[in-house]
Each structure stands twice: as structure tokens, then as C-alpha cells.
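1. Have a look at this prediction, sequence included:
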Amino acid sequence: MILPIVGYGNSILRKVAKDIDQDYPNLKELIDNMYETMYNASGIGLAAPQIDLSIRLIVIDADALKENYPEAENFKKVFINPQIVEESGEKWLFEEGCLSLPNIHEEVSRHSIVKVRYYDEDFIEREETFQGAKARVFQHEYDHLEGKVFVDRISPLKKTLLKRKLNNISEGKVQTSYRMKRPKA
Ligand code: CO
């Protein structure tokens, strides 16, 4: 089932999301729905707050980046209750976008390596290190669980220049090929 996507300006995108446990109701179905929603919107990652659930759950499929970023090939993973253990490596710029911030693309600087502890969809605990585009996609989605979005990481001047676009998204005045959740009145 395709779910509507929450837009910038909705307070759920500003909350720190909560851990879930194995008994979380219909988890497999929720993961399937998140993938379906993400693919329908041509996204490469989706975090639960973006579908109006303040829980620590992320789905990623970054395979579409493989032409420019070979490391992203077959990078398809579910992250439950992820925590960043360590970020390292040089900071680098990468142009990010977000299904919750349609029509906005900005270069963001982040570390190139991230070490992550998380549970997979079978609730097996894992620790992995990602580099390059894999790290980048994860870091972007992880921000959503911490109540952050990528425009929080650009310069104040650049953010000012986006003010009108951001206001329009907050007010639901934006055209998208996918359904967005109507902003609260
Ligand atoms: Co996003």
C-alpha cells in the first residue's frame, strides 16, 4: 500500500523517533508499504517519520545511484533502531534531496564513513561500516530519526534563499508525482 508522505513543516519531522521491539504490530507489512511508497516516489530511502510514524525504522535501496557511485549497487537494507557508533573519514559534498522536501536539492557536507549498529528486519543485531554514497544515504535517513532534515545542514544564507520554497511545502502548495499528507490546518 502506498502511503502519503509527510512534508517539511510537519512537527513529526522534528521529533526524535522511538525504538520499537519485535512485537511492533504488522512490522513486515509496514516495511513492505514503506518500500512501495519509496519506489512509487522514485526515492532511494525513506524513514518512518516521513510516513507519519515516529519510530526508528528506515528502508533504503540506493541501487539507482550505482552509475556514479558503484558502491551503492545492491545497497538495499532495512534498519531498525539504528544508532551511529562513529563517523569518520573526510567530509565531502553530495547533492541531497528528500521526498519530504520536493524540488529542493542542495549540497550537504558529511563524513564519508559511518559505523552503525542496528537490527535487521529479522531483529538480528548487526554492526556495519558504510562508505561513500552508502554512508551518505544512511546518514540522510538517520537524520530523520533525530528530528533533522538536510536543509538544517546548509549555510544560513542558502537556507534563507530557500525560505519561500520551504514555506510553500509547509502550506501544501507544491506539485509532486506522489501523494503528500495534507498539512495540519
Ligand atoms: Co529525507
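-> On my side now, so go ahead.
2. ok, longest strand in this protein?
-> Determined from DSSP state E, the single longest strand within the chain is strand 76-96.
3. Point me to the residue sitting closest to the centre of this structure.
-> residue 141 (2.8 Å; C-alpha atoms, centre = their mean).
4. In a strand, it, correct?
-> No: in this structure, residue 141 is helix, not part of a strand, as judged by DSSP: H, G, I helix; E, B strand; the rest coil.
5. Looks like it contacts residue 44 (just checking).
-> No: Residue 141 is beyond contact range of residue 44, at 9.3 Å (criterion: C-beta atoms under 8 Å). (Each C-beta comes from the backbone N, C-alpha and C, glycine too.)
6. what touches both of those two?
-> By C-beta atoms under 8 Å, 6 or more residues apart in numbering, residue 141 and residue 44 have these common neighbours: residue 60.
7. which ones are touching the residue nearest to residue 13 when sequence neighbours are not counted?
-> Ranked by C-beta to C-beta, 6 or more residues apart in numbering and with sequence neighbours excluded, the top spatial neighbour of residue 13 is residue 49, at 5.6 Å. By C-beta under 8 Å, 6+ apart, residue 49 lies in contact with 6, 12-13, 15, 17, 144-145, 147.
8. Which one of those residues is nearest to residue 60?
-> Using C-beta to C-beta, residue 144 is the member of the contacts of residue 49 that lies nearest residue 60, at 11.7 Å.
9. what angle sits between the host helix or strand of the closest one and strand 76-96?
-> According to DSSP states H and E, residue 144 maps onto helix 132-145. Interaxial angle of helix 132-145 relative to strand 76-96 (axes from the mean of the first three to the mean of the last three C-alpha atoms, to 10 degrees): 100 degrees.
10. So residue 146 versus residue 14, what's the distance?
-> Per C-beta to C-beta, to the nearest Å, residue 146 is found 10 Å from residue 14.
11. ah, wrong one, I meant residue 23
-> From residue 23 over to residue 14 (counting by C-beta to C-beta), the distance is 27 Å.
12. More neighbours: these two, which one.
-> Per other C-beta atoms under 10 Å, whichever of residue 23 and residue 14 has more neighbours is residue 14, with 14 against 6.
13. Find the nearest non-adjacent residue to the more buried one, please.
-> Closest to residue 14 by C-beta to C-beta, 6+ apart is residue 147, at 4.6 Å.
14. for residue 88, same thing?
-> residue 113 (4.7 Å).
15. Next: residue 37.
-> What sits nearest to residue 37 in space, not counting adjacent residues and going by C-beta to C-beta, 6+ apart, is residue 3, at 4.7 Å.
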